[in-house]
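In: Give me coordinates for this.
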Amino acid sequence: MSRDSIMAPIAGPPANLQRALWQGLQAVWDHLGLMVAMGLTGSLLVCATLSMLPLLPRALPPTADRFAGLALLVVAVSLPAGGACAMAHRIGVQESVCYAGFWREGLRLWYPMLQLSLVHLIVLFVLLNGIVFYAHRGGLFGIAGGTCCLYALLFWFMMACHHAPLLAAQAAGEMHGGRRCLSPVMRRAFYLTLARPFYTLGLLTVLLLLAAVLAFTGMLALLLWPGALFVPATTASRALWIQYGLVRVPRNEPVVPDEAFRLRI
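Out: Sure thing, here's the model as predicted:
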């Protein structure tokens, strides 16, 4: 039997959010040392970037100064985010992970993750400005426009739950599409969100709660922010990929008993 027939992409069982998130949290605990190492690395990169902000030219206007600081922060966060997404993907496919692999995959995914982060910033800037614009307009037109922008913002946040896991899977060659092309990532995230909106909304809610808990504790945010967010998001998103047959999942082949290979004398 060929390997392609064994690894054929077939539709799996319906995704269960509670089970997928629990598997993700178990994976975080099982790889706690790597999670702490990734968190410390990301926190050190962010702190080093923030320390460079006073070196920016004083002649810059306040808006340009804030934009330059935000751009530097996005550049710094893209490397640990890309590495954490790749490690979460390898954990999802039950492959070995290590700290050296985090750096290697982070450098390889740095540019695609930077592109994805810039797309997120542009979309957020446009939608938030649309909400402010319609809020100042008032009246029925302002309420309708602001409501549409709010729904678009919520839908974009829901899609964002799938963006990073899809990017890591595509870069690993598990899905068809260019390894650094964002259009297949956006398309698949759009269809997954439409197919299971309440599942994705529940995933977004849990990720926001996890981010709030990490931010409230402070120290846990420094230690665990990449792994505690990306690993559960990857396991939950991957459950949808299995449901709709987007990835090649090994079938459960029957185990051949030892008696079949025993020599008879």
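
In: so how many other residues sit close to the residue nearest to N16 when sequence neighbours are not counted?
Out: Leaving out its chain neighbours, the residue that sits closest to N16 by CB to CB, 6 or more residues apart in numbering is A239, at 6.9 Å. Any C-beta I mention is one placed from the backbone N, CA and C, and that applies to glycine too. A239 has 24 neighbouring residues, counting by other CB atoms under 10 Å.

In: A239: helix or strand, and which one exactly?
Out: Using DSSP states H and E, A239 maps to helix 219-243.

In: After the host helix or strand of I143, heading C-terminal, what element do we hit next?
Out: Element membership for I143, per DSSP H and E: helix 139-171. Counting by DSSP H and E, the next helix or strand C-terminal to helix 139-171 is helix 183-195.

In: Could I get the average pLDDT for the helix or strand just after that following helix?
Out: Using DSSP H and E, the helix or strand that directly follows helix 183-195 along the chain is helix 197-217. The pLDDT scores in helix 197-217 average 93.

In: Return the set of buried residues in helix 197-217.
Out: Y199, T200, L201, G202, L203, L204, V206, L207, L210, L214 (16 or more other CB atoms under 10 Å).

In: Mind pulling up the pLDDT for the residue nearest to N16?
Out: Value listed for A239 in the pLDDT field: 91.

In: still on that earlier bit, quick check: of the buried residues of helix 197-217, which lies closest to L192?
Out: Nearest to L192 among those is T200, at 7.0 Å by CB to CB.

In: circling back: tell me which residues touch the residue nearest to N16, please.
Out: A15, N16, L17, R19, A20 (CB atoms under 8 Å, 6 or more residues apart in numbering).

In: If we use 7 Å, what do you get?
Out: A15, N16, A20 (CB atoms under 7 Å, 6 or more residues apart in numbering).
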